[in-house]
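Asks: Predicted model and sequence below, questions to follow.
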Amino acid sequence: MSDEITFEDFAKVDVRVGRIVAVEDFPEARRPAWKLRIDFGPEIGEKRSSAQITNYSRSELEGRLVLAVVNFPPRQIGPVRSEVLTLGTYSGETVLLVDPGPEARPGDRLG
C-alpha cells in the first residue's frame, strides 16, 4: 500500500473524462506506445498523451472514453510533449484503461 494522503491531497488531482479522437504511431518510443489526442470538452479542449497501451488496437481506441489527469505539468517523452496522464490499471505488463462508463461526457470530473 502507498503512503496515506489526505482528502485535500486527492482533491488537487483533476481527473476528467476525455474521448480519444486520434491515435498515431509512436515508433520513437523506448517501449511500445501510442500517441493520443484526447478531447476533454469545451472547457479544456484537446490534449496530447503518450500511452503504453498497445494491447489496444487503433480502432479500439478511437472514439473511446477514458479518464486522465489533466493538471500535471507536461512531460517530454522523446519527441512528444505529453500533456495529460491517461489512467489505467496494471495486470502484469498489460495496461487496462479505466472505463468511465457510456453515460459519461468529455469534461466530466471524477469526484
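Replies: Perfect, I can see it now. Numbering: from 1, shown residues only.
Asks: What distance do you get for the residue nearest the centre of the chain to residue 29?
Replies: In the chain, the centroid-proximal residue (Cα atoms, centre = their mean) is residue 86; its distance is 1.5 Å. Counting by Cβ to Cβ, to the nearest Å, the separation of residue 86 from residue 29 is 14 Å. For glycine as for every other residue, the C-beta is placed from the backbone atoms N, C-alpha and C.
Asks: how about the residue nearest to the centre of the chain, what does it touch?
Replies: Contact analysis of residue 86 by Cβ atoms under 8 Å, 6 or more residues apart in numbering lists 36, 38, 49, 51, 53, 66, 67, 68, 97.
Asks: can I get those in CSV with pLDDT?
Replies: Output for these, formatted as CSV (pLDDT from 0 to 100):
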residue, pLDDT
36, 97
38, 98
49, 96
51, 91
53, 90
66, 98
67, 98
68, 98
97, 96
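Asks: just to confirm, which helix or strand has residue 67 in it?
Replies: strand 65-69 (DSSP states H and E).
Asks: Can you tell me the strand partners of that strand and which way each runs?
Replies: strand 15-25 (antiparallel), strand 85-86 (antiparallel) (DSSP bridges).
Asks: Could I get the ones you listed in a markdown table, plus columns for distance to residue 72?
Replies: A markdown table is the format used below for those (distance: least, Cβ to Cβ, whole Å):
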| stretch | distance to residue 72 |
| --- | --- |
| strand 15-25 | 11 |
| strand 85-86 | 6 |
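Asks: Bridge partners for the closest residue to residue 105 other than its chain neighbours, pull those for me.
Replies: Closest residue in space to residue 105, ignoring its immediate chain neighbours: residue 17 at 6.4 Å, by Cβ to Cβ, 6 or more residues apart in numbering. Counting by DSSP bridges, residue 17 forms beta bridges with residue 67.
Asks: what's the neighbour count on residue 17?
Replies: Using other Cβ atoms under 10 Å, residue 17 has 21 neighbouring residues.
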